[in-house]
Each structure stands twice: as C-alpha cells, then as structure tokens.
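In: Requesting a structural model of the entry that follows:
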Amino acid sequence: MPTNVFVLGHDDHNQQVLEAMPSAEHCVFHPLLSFEEIWGEEISFGDVLTSAQRQLDSFDGSIDAIVGFWDFPVSSLLPLLRSRYGLPTASLEEVVMCEHKYWSRRLQRQVIDEVVPPFALVDPDSGDLPDDVRFPMWIKPVKSFGSVLAFGVADPEAYQAALAEIRDGIGWVGKPFDALLEYVDLPPEIQAAGGQACLAEEALFGQQLTVEGYRYKGEVVIYGVIDSINYDNSPSFLRYQYPSSLPEAVVDRLTDLSRRIVSAIGLEGMTFNIEYFWDPGTDAIGLLEINPRHSQSHAELFADVDGMPNHEAMLRLALGQDPDFPYRKGRYGAAAKWYLRRFHDGVVRRVPTQEEIEAIQHIVPGTTIELTVAEGDRLSELQHQDAYSYMLANVYIGGADESDVSSKYDQVLAALPFEIDDVT
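Out: The predicted structure is shown next:
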C-alpha cells in the first residue's frame, strides 16, 4: 500500500524535490492547498484551516503524514492538523513560542542570554522610542517572514518612517496571527502583546548564517550550517551558500547554542533552522531568530553537497523514522541559491522563455532557474518582497567549490534576458 503524504502549501518546484527523494519511492504526495490558495491579498487562518480539514476528511484512504516547509501559516497549521488526525507532532505552543518574536526573545534570554541583543516590545500606534535599545536597530512586527516590513533604522526619523509603513501593512500577517493565538494558552505578557505589536532590537553585525537540524527521540542533531551572503551595502540576500566557510570552533559553539535552546523549547520530531550572526572581528555570536521548520530554500544545497535534501529529514520525522542525515555524499563540493534582484521599481516587459531557461541549464550544468516575476508585473505591487529590493528569479547552482559556483552564476546572469522598464 502506498504511503499517503499531504503537502500543505504545495508548489511545483518543491514537488519535484520531494519526488526525487530516496524515501519517495513508496509515497504518494497529495497537494493540501496550493501556495496561492494560502497566501493572497489576505490570509484567513480560519478559512485555510477549515479548507485543509475538509480536504483531509473527504480523502478515501489513510492519512500517513502531513508535511510543510513554509513559514506562517503553514508552520502553525501543521501541529493543529497532525493532532486532529492522530499523527505525531510537536505542540502548537512550542511552535508559536518560536513564531512570536517577542515570546521567542524572552525565552532566549532565559536560556542563552549571552547571544541575545537588547530588545523591547513596541506599540506601532504609539510611535514611542523603546527604552534601553540603541541605534542602529531593527524594527519589525512580532510576526513576519521573508523580511517583510522589517526595517533597519539609524535614527529617530527613520524609526518613525518605518513605523508608518508597518502600520499600513501589519494586518496582512498580524490579523491571521491573532487568530492563531486564540488556540494557545499564552503567558500574560504575550497575551497582552498580541499579534500586531512590533519588536525593536539592536542591530547584529558580522557574517550571517543559518544552523539547520532536527530533534528525534530527544536528541538534537545539527546537520548543516549555511552562509547567508548579502548584496554589497544592502540587507537583501545575494545567496545562501553551503558548506559554511566558518572556522570549526565557531561551528562547535553554534551547535552547542542551538542544542541548548531547542532542548528548552521541545520541537520533538521536527526540523528547525536558527539564524545567527558571527562577528569575525570580536568573535561574538548573536542570535537573530528561531524557525520551527527547515528552510525549503536550502533543499537543493543539501542534496548537491550531502546527497539528501532537508525535505527528506522532514518526511522521515513525519513518518516517525530516524532521518539519519548523510554527510558529503552529494555530487558537488559546494552549492548556492542565488537571489537575482532589482533595487528600484519597474514594469517587466520580457522574461526568459522556458526554452531559453532550459538552454542555459544545459550549458551550465548543475543549474536550476526559477522565475519569480512574469511579463506585465509592476515590481512594487508584488507580494512577499523585502523592504529593500524586488525578486526576479532564484538560481540554484552546484559546483566543485565556491569559486566554481560563483563562476557558473556569472554565466547564468549574463545569459538571462530580462527587459524591465524603469518606473519612478
């Protein structure tokens, strides 16, 4: 009998990754609402939950696993759905403990205070400057993803301008996040904050990176560290790169910190990723945020270098199996996901055709190109953009080493025929 696995927030790109996994041989992957059905101009947490339950209830067969790799609301819906259908899961409280940035910071301060920057809860309607948080700082909603409505500010004027933008857009995620919080028995201070407050925290400096791992039968396993490299003079990501270039001693410290905080939260049977900064000048580590899921952006990187995408760890855990993640058994010595961006507004007049993309992928082996815009798009009207740039494409590349990967990306970049008209 096949193993029926429901994929919450299904999309074609990740479907291809799932079907290529070793454990997929006996699995049938069923879309459980598409990416577009979950994220639109509005997110209705209650409607999405009801629609997912209705689809599962009508399925004529066994429900063996429910998986997902996207941020809210997928990450928060999973424990609710798994509990309803008798599947193993971490508790919803443990997930929300990570998702709510203010709650997460309070817990971090209790467990690994040495890597937590000064932070404060902010009412976006008041405009008051937080006490004990110095400039430069970041101001962001207590729930956001993809750096949406997250602003780095260096003075009171920029702080007020950022709050004005946040007030205009915070409800898109804040309102459905408030709906989720009704399912959780919250501590009084988190109940009072709700889902539409902001977090101010002092800026962290240095090299940004992500630690990925999982917890299985009480053991916290770290299976990889990924470098996050920004565009010059910008907080927007240029690429994720694996393996990390960090010194081994720093990786050991990050591993210890990650095990301590995950052990305090719980997250049994789940993948996770934790974002940090390491300052090579001072050797200081700062923790940015904890995500109760692995990063789908890293799936091809792990497959290229280690021989197994992190989706495989997610699937095996959902089926109650040991992920037993391999090490350096992939086709390539290094891999990266590149973010092709534009930093001012425009209207897309032409994008590469499928035939052109396939030709580039053939000429530059180890490459996968995924467009994120279409002809006619006005960049400033696209959803899910960070505060500083507009995404045009994702480019996944495997190579012999970092230099080879970078050289391949230069080839791809020169060959991609975008035409975009400037708009002021």
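In: residues near Glu268, how many?
Out: 19 (other CB atoms under 10 Å). To be clear about C-beta, it is placed using only N, CA and C from the backbone, and glycine gets the same treatment.
In: hang on, isn't Leu204 packed against Leu288?
Out: Yes - counting by CB atoms under 8 Å, Leu288 is a contact partner of Leu204 at 6.3 Å.
In: any common contacting residues for those two?
Out: Shared contacts of Leu204 and Leu288, defined by CB atoms under 8 Å, 6 or more residues apart in numbering, are found at Phe277.
In: Which residue ranges of this protein form helices?
Out: 12-19, 35-38, 45-57, 74-84, 92-99, 101-111, 156-169, 171-181, 188-193, 248-265, 299-306, 310-318, 354-363, 402-415 (DSSP state H).
In: I'd like the mean pLDDT over the first one, please.
Out: On average, the pLDDT along helix 12-19 is 94.
In: show me the contacts for the residue sitting nearest the centre point of the chain.
Out: For the chain, the residue sitting closest to the mean C-alpha position, by CA atoms, centre = their mean, is Ser295 at 5.0 Å. Listed by CB under 8 Å, 6+ apart, the contact set of Ser295 reads Phe69, Thr210, Glu212, Ile226, Tyr240, Asn273, Asn310.
In: Quick one: neighbours of the last one, just the number.
Out: This points to Asn310. Neighbourhood size, Asn310 [other CB under 10 Å]: 30.
In: mind checking pLDDT for it?
Out: Asn310 carries a pLDDT value of 97.
In: list the buried ones in the lengthiest strand in the chain?
Out: If you go by DSSP state E, the chain has its longest strand at strand 219-230. Under the neighbour-count criterion of 16 or more other CB atoms under 10 Å, strand 219-230 has Val220, Val221, Ile222, Tyr223, Gly224, Val225, Ile226, Asp227, Ser228, Ile229 buried.
In: Output the residues you listed as CSV; include the columns distance to Thr368 and pLDDT.
Out: Listed next are the buried residues of strand 219-230 as CSV, based on distance: CB to CB, whole Å; pLDDT from 0 to 100:
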residue, distance to Thr368, pLDDT
Val220, 31, 98
Val221, 27, 98
Ile222, 26, 98
Tyr223, 22, 98
Gly224, 19, 98
Val225, 22, 98
Ile226, 17, 98
Asp227, 20, 98
Ser228, 19, 97
Ile229, 19, 97
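In: got JSON lines for the residues you listed, with distance to Pro2 too?
Out: Supplementary listing: these in JSON lines, determined by distance: CB to CB, whole Å:
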{"residue": "Val220", "distance to Pro2": "32"}
{"residue": "Val221", "distance to Pro2": "28"}
{"residue": "Ile222", "distance to Pro2": "32"}
{"residue": "Tyr223", "distance to Pro2": "28"}
{"residue": "Gly224", "distance to Pro2": "30"}
{"residue": "Val225", "distance to Pro2": "35"}
{"residue": "Ile226", "distance to Pro2": "33"}
{"residue": "Asp227", "distance to Pro2": "39"}
{"residue": "Ser228", "distance to Pro2": "38"}
{"residue": "Ile229", "distance to Pro2": "41"}
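In: Specify which member of the residues you listed is nearest to Ala393.
Out: Set against Ala393, the nearest of the buried residues of strand 219-230 by CB to CB is Ile229 (17.0 Å).
In: Test my guess that Arg316 contacts Asp322.
Out: Yes - assessed by CB under 8 Å, Arg316 is found in contact with Asp322 at 6.8 Å.
In: which one of these two has more residues nearby?
Out: Each of Arg316 and Asp322 has its neighbours counted (other CB under 10 Å); Arg316 has more, 23 against 13.
In: State the distance from that one to Pro88.
Out: Per CB to CB, to the nearest Å, Arg316 is found 12 Å from Pro88.
In: Phe343 too?
Out: Phe343 sits 44 Å away from Pro88, going by CB to CB.
In: Which among the helices of the chain is found nearest to Ala334?
Out: When those are compared by CB to CB, helix 402-415 sits nearest Ala334, at 5.2 Å.
In: other SSEs contacting the closest one?
Out: When contacts are defined as 3 or more CB pairs under 8 Å, 6 or more residues apart in numbering; DSSP states H and E, helix 402-415 sits against strand 237-242, strand 334-342, helix 354-363, strand 367-371, strand 390-399.
In: could you dump the ones you listed to CSV with mean neighbour count?
Out: Shown next, in CSV, are the helices and strands packed on helix 402-415 (neighbours: other CB atoms under 10 Å):
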stretch, mean neighbour count
strand 237-242, 22
strand 334-342, 22
helix 354-363, 13
strand 367-371, 18
strand 390-399, 22
